[in-house]
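# Take a look and give me a structure for this.
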Amino acid sequence: MKSYQSNSTWKQLNQLLPKDFQIQENNLPLEEFWDWKGNQIHLDRYPNPSSEFRVFLHHGVGTNGRQMNMILGHKLAALGYDVVAIDNLGYGMTYVNQKDVTYDDWVHCFADFVNQETKRDYKKPVLYGLSAGGMHCYNAACYIEEVHGIIGMCFLKSDDKTVGKETAKFGSLNWVSVPLTNVFRKIGFKRFPIPMKAISKMNTLVNNKKALKIFLKDKSSAGANVQIQFLCDYLQYPIPVPVSEFDKCPILLTQPEKDRWTPLHLSEISLKGIKAPFTVKILDEGGHYPMEETALKQLLQYSVEFIQSLK
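I've put the predicted structure just below:
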């Protein structure tokens, strides 16, 4: 099985983080694999048997699980929380055995994992998602038996026309993207791979130019490919429970101030009228994937305050 020990990207990015946020060699997460329908799902885990909460970290379409642990996971673990970051199908070190991969697979893979972990070794589950991972946590939560809170860097209702137009690389052509992907899927190209950086604003993933070059070359994160059917499913995915009816748990939006990909108003559109308690905190100076010291300190502070409020 693959390991992050053989992946140089996270190590290069780690060196570009503020020194206090760099993962040290003596504090690496434990790497495990979980079997889901024949796929070997990679886990980056910081176990803590005495923790009241387990924080589940989920990446977006330009990042992976290790990169979640870099900016938040290892710092939460140092404060005593049980933390696990997952690499979903097609990302990170996960080995994909199935031929067809859809966004719905992502949703149920994550939901099944949280349900199983909570039954195996009970701790109050809290979900964290960066970028597309934010709404992904919301979607998965609709199928998770027990969720105490959700933290997201943004929440995007991907089938909303405004959200789709502003997050796509060629926004003016977004109106044809769903019909076009549907056509390709129906005529036999559903498994055709598409680089996510070719169709999304991946050039705005991070505001550090040196880090961006490293990200874009990494096949396990920003340089990953997805199948046409995954993209098609994602672009028109109907959220399982309308926001006006969702009251499963409180939600915290940690919005980076200088996010050039998913600004605050897109999350406000997506969660307008949310029934659950909803709080917004701004991360000063932060980019979409925040590497700025002030933003990272605030992300940790607001996340801890939120989790503690769930007791």
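
# Identify the residues contacting residue 80.
Applying Cβ atoms under 8 Å, 6 or more residues apart in numbering to residue 80 gives the contacts 48, 50-51. For glycine as for every other residue, the C-beta is placed from the backbone atoms N, C-alpha and C.

# mind putting those in TSV, secondary structure, pLDDT and neighbour count included?
TSV is the format used below for those (DSSP: H, G, I helix; E, B strand; the rest coil; pLDDT from 0 to 100; neighbours: other Cβ atoms under 10 Å):
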residue	secondary structure	pLDDT	neighbour count
48	coil	98	17
50	coil	97	7
51	coil	98	18
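
# Report the next helix or strand after the worst-scoring helix or strand of the chain on mean pLDDT in sequence order.
The helix or strand with the lowest mean pLDDT-type score in the chain, counting by mean pLDDT, DSSP states H and E, is helix 174-184 (a mean of 57). Towards the C-terminus, the helix or strand next in line after helix 174-184, according to DSSP states H and E, is strand 193-195.

# how about that next one: buried residues?
Residues of strand 193-195 classed as buried: residue 194 (neighbour count, 16 or more other Cβ atoms under 10 Å).

# Same question for stretch 288-303.
Using 16+ other Cβ under 10 Å as the test for burial, stretch 288-303 gives 288-292, 295-300, 302-303.

# Can you pull out the low-pLDDT segments for this protein?
When residues are selected by pLDDT under 70, those of the chain lie in 169-185, 187-188.

# That one: strands as residue ranges?
In the chain, the strands defined using DSSP state E lie at 30-36, 39-46, 53-58, 82-86, 124-129, 149-152, 193-195, 225-227, 251-256, 278-283.

# okay if I get the ones you listed as JSON lines plus distance to residue 140?
Output for the strands of the chain, formatted as JSON lines (distance: least, Cβ to Cβ, whole Å):
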{"stretch": "strand 30-36", "distance to residue 140": "13"}
{"stretch": "strand 39-46", "distance to residue 140": "14"}
{"stretch": "strand 53-58", "distance to residue 140": "8"}
{"stretch": "strand 82-86", "distance to residue 140": "10"}
{"stretch": "strand 124-129", "distance to residue 140": "7"}
{"stretch": "strand 149-152", "distance to residue 140": "9"}
{"stretch": "strand 193-195", "distance to residue 140": "23"}
{"stretch": "strand 225-227", "distance to residue 140": "18"}
{"stretch": "strand 251-256", "distance to residue 140": "13"}
{"stretch": "strand 278-283", "distance to residue 140": "18"}
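
# which stretch among these comes nearest residue 2?
Each of the strands of the chain was checked against residue 2 via Cβ to Cβ, and the shortest separation belongs to strand 39-46, namely 7.3 Å.

# can you list the residues that contact that closest one?
The set of residues that contact strand 39-46 without belonging to it, under Cβ under 8 Å, 6+ apart, is 1-2, 4, 29-35, 65-66, 68-69, 73-74, 76-77, 81-89, 92-98, 109, 113.

# And the buried ones among these, selectable in PyMOL?
Buried members of the contacts of strand 39-46, identified by 16+ other Cβ under 10 Å, are gathered into one PyMOL selection as follows:
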select buried, resi 2+4+29+31+33+34+65+66+68+69+73+74+76+77+81+82+83+84+85+86+87+88+89+92+93+94+109+113
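
# roughly how far apart are residue 304 and residue 186?
When Cβ to Cβ, to the nearest Å is applied, the distance between residue 304 and residue 186 equals 48 Å.

# Of the two, give the one with the bigger neighbour count.
Remark: of residue 304 and residue 186, residue 304 carries more neighbours, 14 against 10, as counted by other Cβ atoms under 10 Å.

# Touching, the more buried one and residue 76? I think so.
Yes: between residue 304 and residue 76 there is a contact at 7.4 Å, judged by Cβ atoms under 8 Å.

# Verify the stated contact: residue 74 with residue 27.
Yes: under the contact definition of Cβ under 8 Å, residue 74 touches residue 27, with a separation of 6.2 Å.

# Let me see the ranges of the helices in this protein.
With DSSP state H as the definition, the chain shows helices at residue ranges 8-16, 65-68, 74-78, 103-120, 132-141, 161-167, 174-184, 196-199, 209-216, 228-235, 264-270, 293-309.
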